[in-house]
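Peer 1: What shape does this take:
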Amino acid sequence: AEGDLLAYGHNDIVADNAFFFARASGGPEGEGATLGLFDWQQACLNCVGLEWAWNFHWLPPAFLAAHEADLLDLLLKTYAARGVSVPRDRFLRAYATAAASMY
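Peer 2: Numbering: from 1, shown residues only. You can find the predicted model right below:
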């Protein structure tokens with residue numbers, strides 16, 4: 001990946017890695033549920049396009065087909081609003097390459 005298109009990624013945190021338990025009322029944290037995570041995977045630096053292609057591939061195919069352009073627009077606008085410049089053409093090239101490499 002190009003150096004300015006790197007993103008921190010955690011490879012495949014899935015529901016079967018999570019555990020939940022209920023807290024009794026009266027404790028310092030109050031009543032509710034607690035979440036924990038068994039981390040069997042590794043973290044890495046990946047191409048930002050790969051990270052988002054991976055995240056989006058979990059969406060239902062019909063939903064992604066209908067909303068992918070809007071999701072990508074929102075993603076890039078969110079980066080820009082937080083002062084992170086990710087050029088659209090370079091992001092789309094990285095995203096498309098990553099999506100193709102996953103299948």
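Peer 1: residues near the residue nearest to Val86 when sequence neighbours are not counted, how many?
Peer 2: Spatial nearest neighbour of Val86, excluding adjacent residues (CB to CB, 6 or more residues apart in numbering): Tyr79 at 4.9 Å. All C-beta atoms are positioned from the backbone trio N, CA, C, and that covers glycine. By the measure other CB atoms under 10 Å, the count of residues near Tyr79 is 14.
Peer 1: Assumed Tyr79 was part of a strand.
Peer 2: No - read with DSSP: H, G, I helix; E, B strand; the rest coil, Tyr79 is helix and lies in no strand.
Peer 1: Please report how far it lies from Ser101.
Peer 2: Look at Tyr79 and Ser101: by CB to CB, to the nearest Å, they are 22 Å apart.
Peer 1: same check, this time on Ala65
Peer 2: 19 Å.
Peer 1: before we move on, what about Leu64?
Peer 2: 17 Å.
Peer 1: Then Val48?
Peer 2: 14 Å.
Peer 1: go on, Glu68?
Peer 2: For Glu68, the distance to Ser101 - CB to CB - is 17 Å.
Peer 1: Equivalent analysis for Asp4, please.
Peer 2: Asp4 is 20 Å from Ser101, by CB to CB.
Peer 1: what do you get for Pro61?
Peer 2: Distance from Pro61 to Ser101, by CB to CB: 18 Å.
Peer 1: Between these two, point out the one with more neighbours.
Peer 2: Using other CB under 10 Å as the criterion, Pro61 and Ser101 rank with Ser101 on top: 11 against 8.
Peer 1: what's the nearest residue to the more buried one if we skip its chain neighbours?
Peer 2: Leu50 is the one closest to Ser101 (CB to CB, 6+ apart), at 7.7 Å.
Peer 1: Can you name the residues that contact the one you found?
Peer 2: Ala1, Gly9, Ala94, Ala98, Ser101 (CB atoms under 8 Å, 6 or more residues apart in numbering).
Peer 1: So which of those are in strands?
Peer 2: With strands taken from DSSP state E, the overlap with these comprises Gly9.
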